[in-house]
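Undergrad: Build me a structure from this.
(one chain, ligands or ions: 2)
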Amino acid sequence: MRVCIVGSGGREHAIAAAVARSADVVLAPGNPGMDGFERTDVSPELVEADLWVIGPEVPLVDGLADRVRARGGLVFGPGADGARLEGSKAWMKDLLFAARVPTAASRTFSEERPALDYLSSLPGPWVVKTDGLAAGKGVLVTSSRRQAEADIRAKLSGQAFGDAGRRVVVEEALDGPELSVIAICDGKRAYPLAAAQDFKRVGDGGTGANTGGMGAYSPVPFADDEVVGQVMERAVLPTLHALRKRGTDYRGALYAGLMLTEDGPKVLEFNARFGDPEAQVLFTRWEGDVAGALAAAAEGALSDVDEPRFSAHAAVCVVLAAPGYPEAPRTGAVIEGIEAARAVPGASLYAAGVSRDAGGRLVTAGGRVLNAVGTGADLAQARQLAYRVAGMVSWPDMVVRSDIAMQTGGVA
Ligand code: AMP
Ligand code: GLY
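TA: Ligands and ions are numbered 1, 2, ... in the order given. Below is the predicted model of the structure:
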């Protein structure tokens, strides 16, 4: 089987490494730090492959899966209809309310006055989200009502996030540890992957701006099989069935971003893909025939394969980011130490925002540049190895959180 993995980040690198155990891989387009993998600049729908696995949200929302399916291709990834779960938070919230999935109270607005009125009816802290895609950066959580009001104005006017913010979701803030549960779906059935936790803020202790994710780990000590089972029963399966009732045959990853509140798990968001950097730890721990499982989901035949199994080993991923990330990453710096870091046993160094300069050297080319993943008998060992590998790589003013997987109770 030849698998075309669409995307160019650390998530796709990690997927490629796991899929390559039982299939041939071509990355479209991948990046020059993905040593040993075939890459192509051919448009993904024109690549010769038996299965397409679409990594990022933008091509999913744009309907790439539909276009490949229209040519007869087998695709892991929802069509544009299913990807609306991620492409429009307002649409997602409507679906959650209709399917009675536990989630934060919220309403959607395109006018300032009613949005401000609703805000003042909530006790606070407050959450203001862009309706459309904003690379994980369109969410403000604040205990300052003034800041929430200013954010509503900035988003609705189009100033802050262009058209993505012309509708906003205003919601109550929930409290509790955060958790990511990702399921692979075949339209009717879903199998959960192991739980993971992501660290969203740029700074230690969960401070600073929201990012795409600065690190992740799995397993999650406070999310045992019972918690994952609850998430499947109360959130993932009702959502999959609600989609099906609306005529959407959802085949791909369904990612539930959750908060474990005193009233049980509540959904903060759904994504239509694997998380980044959650995938970097999940695909590291996923045992057996990963390519076969993704193909079975794409075929609508998950019942033909066993539920995914995960190694007893822990995995921790530390993101190495460019200075200025997430607001304005400064790129073009030469990256030192990759080869030695890649030689460390039990670890991986996945490439995300990198390119080559005229002299062929790897240079930084995006916000999140590299991902150091360590494995070990427990989280402490995995963490130590991830940081050892991260410490072997350098460029000027590299940004790394120092507390990934240190507090495994939930400060993300
Ligand atoms: P989202 O893109 O919707 O997952 O939001 C990004 C991050 O904002 C989440 O990972 C949470 O840390 C935070 N967040 C989103 N919604 C809420 C909420 N209702 N209450 C508290 N924090 C939230
Ligand atoms: N790590 C969060 C996400 O992929 O959306």
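Undergrad: need the residues of the chain near ligand 1, please.
TA: 104, 127, 129, 136, 139, 141, 171, 173-174, 178, 200, 210, 257, 268-269 (Cβ under 6 Å from any ligand atom). The way it works is simple: take the backbone N, C-alpha and C, and place the C-beta from them, glycine included.
Undergrad: Try it again at 8 Å.
TA: 89, 104, 106, 125, 127, 129, 136, 138-139, 141, 171-175, 178, 198, 200-201, 210, 257, 259, 268-269, 412 (Cβ under 8 Å from any ligand atom).
Undergrad: Mind listing what's buried along stretch 129-139?
TA: For stretch 129-139, the neighbour count (16 or more other Cβ atoms under 10 Å) marks 129-134, 136-139 as buried.
Undergrad: er, stretch 378-390 I mean
TA: Neighbour-count burial for stretch 378-390 [16+ other Cβ under 10 Å]: 379, 381-383, 385-387, 389-390.
Undergrad: Quick check: of those, which lies closest to P192?
TA: L379 (19.8 Å; Cβ to Cβ).
Undergrad: what's near enough to touch that closest one?
TA: By Cβ atoms under 8 Å, 6 or more residues apart in numbering, the residues touching L379 are 217, 219, 221, 314, 316, 405, 408.
Undergrad: 7 Å instead?
TA: Taking Cβ atoms under 7 Å, 6 or more residues apart in numbering, we find L379 in contact with 217, 314, 316, 405, 408.
Undergrad: Buried ones only from those residues, please, as a PyMOL command.
TA: Of these, the buried ones can be selected in PyMOL as follows, counting by 16+ other Cβ under 10 Å:
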select buried, resi 217+314+316+405+408
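Undergrad: Could you export the contacts of L379 to JSON lines, including columns for secondary structure, distance to Y325 and pLDDT?
TA: As requested, the contacts of L379 are arranged in JSON lines below (DSSP: H, G, I helix; E, B strand; the rest coil; distance: Cβ to Cβ, whole Å; pLDDT from 0 to 100):
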{"residue": "Y217", "secondary structure": "strand", "distance to Y325": "20", "pLDDT": "98"}
{"residue": "A314", "secondary structure": "strand", "distance to Y325": "26", "pLDDT": "98"}
{"residue": "V316", "secondary structure": "strand", "distance to Y325": "20", "pLDDT": "98"}
{"residue": "A405", "secondary structure": "coil", "distance to Y325": "20", "pLDDT": "96"}
{"residue": "T408", "secondary structure": "coil", "distance to Y325": "24", "pLDDT": "72"}
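Undergrad: between the contacts of L379, which is nearest ligand 2?
TA: Nearest to ligand 2 among these: Y217, at 12.2 Å, using Cβ to the nearest ligand atom.
Undergrad: quick one, what contacts that closest one?
TA: 196-197, 281, 314-316, 379, 404-405, 408 are the contacts of Y217 under Cβ under 7 Å, 6+ apart.
Undergrad: from the buried residues of stretch 378-390, which is closest to R246?
TA: Among the buried residues of stretch 378-390, L379 lies closest to R246 (Cβ to Cβ), at 39.7 Å.
Undergrad: Wait, M259 touches L174, no?
TA: Yes - between M259 and L174 there is a contact under Cβ atoms under 7 Å: 4.5 Å.
Undergrad: What's the first helix or strand after the helix or strand hosting L294?
TA: Assessed by DSSP states H and E, L294 sits inside helix 290-299. As assigned by DSSP H and E, the chain's next helix or strand after helix 290-299 is strand 309-310.
Undergrad: I'd like to know which elements that next one is packed against.
TA: Packing partners of strand 309-310 (3 or more Cβ pairs under 7 Å, 6 or more residues apart in numbering; DSSP states H and E): strand 286-287.
Undergrad: Now do the strand it packs on, average pLDDT.
TA: In this model, strand 286-287 has a mean pLDDT of 98.
Undergrad: List the buried residues of the top strand by length along the chain.
TA: The single longest strand within the chain, with elements called by DSSP state E, is strand 251-261. Buried positions in strand 251-261, judged by neighbour count with 16+ other Cβ under 10 Å: 251-260.
Undergrad: average model confidence for that strand?
TA: 97.
Undergrad: Could you list the low-confidence segments of the stretch 1-150 of the chain?
TA: Low-confidence segments of the stretch 1-150 of the chain, defined by pLDDT under 70: 136.
Undergrad: So which residues of it form helices?
TA: All helices of the stretch 1-150 of the chain, identified by DSSP state H, counting those that start in this stretch, fall at 10-19, 57-61, 64-70, 80-87, 89-98, 112-121, 145-156.
Undergrad: Using the three-state scheme, assign the nearest residue to A154 once chain neighbours are set aside.
TA: If the residues on either side of it in the chain are set aside, A154 comes closest to A160, at 4.0 Å by Cβ to Cβ, 6 or more residues apart in numbering. Under DSSP: H, G, I helix; E, B strand; the rest coil, A160 falls in the coil class.
Undergrad: can you count the residues close to A160?
TA: Here the number of neighbours of A160 (other Cβ atoms under 10 Å) works out to 21.
Undergrad: repeat for G264
TA: 14.
Undergrad: most packed of the helices of the stretch 1-150 of the chain?
TA: Most buried of the helices of the stretch 1-150 of the chain by mean neighbour count (mean count of other Cβ atoms under 10 Å) is helix 10-19; its value is a mean of 27.
Undergrad: Am I right that L370 is in a strand?
TA: Yes - the assignment for L370 by three-state DSSP puts it in a strand.
Undergrad: can you pull up the bridge partners for it?
TA: L370 has these beta-bridge partners by DSSP bridges: L320, A351.
Undergrad: Which residues of the stretch 201-350 of the chain lie near ligand 2?
TA: Residues of the stretch 201-350 of the chain lying near ligand 2 (Cβ under 8 Å from any ligand atom): 212-213, 216, 255, 257, 269, 271, 273-279.
Undergrad: and the most centrally placed residue in the chain, what are its phi and psi?
TA: Nearest to the geometric centre of the chain sits G275, at 1.9 Å (Cα atoms, centre = their mean). Note on G275: backbone dihedrals following degrees, to the nearest 10 are phi -80, psi 150.
Undergrad: contacting residues for it?
TA: Contacts of G275 (Cβ under 7 Å, 6+ apart): 180, 182, 198, 213, 255.
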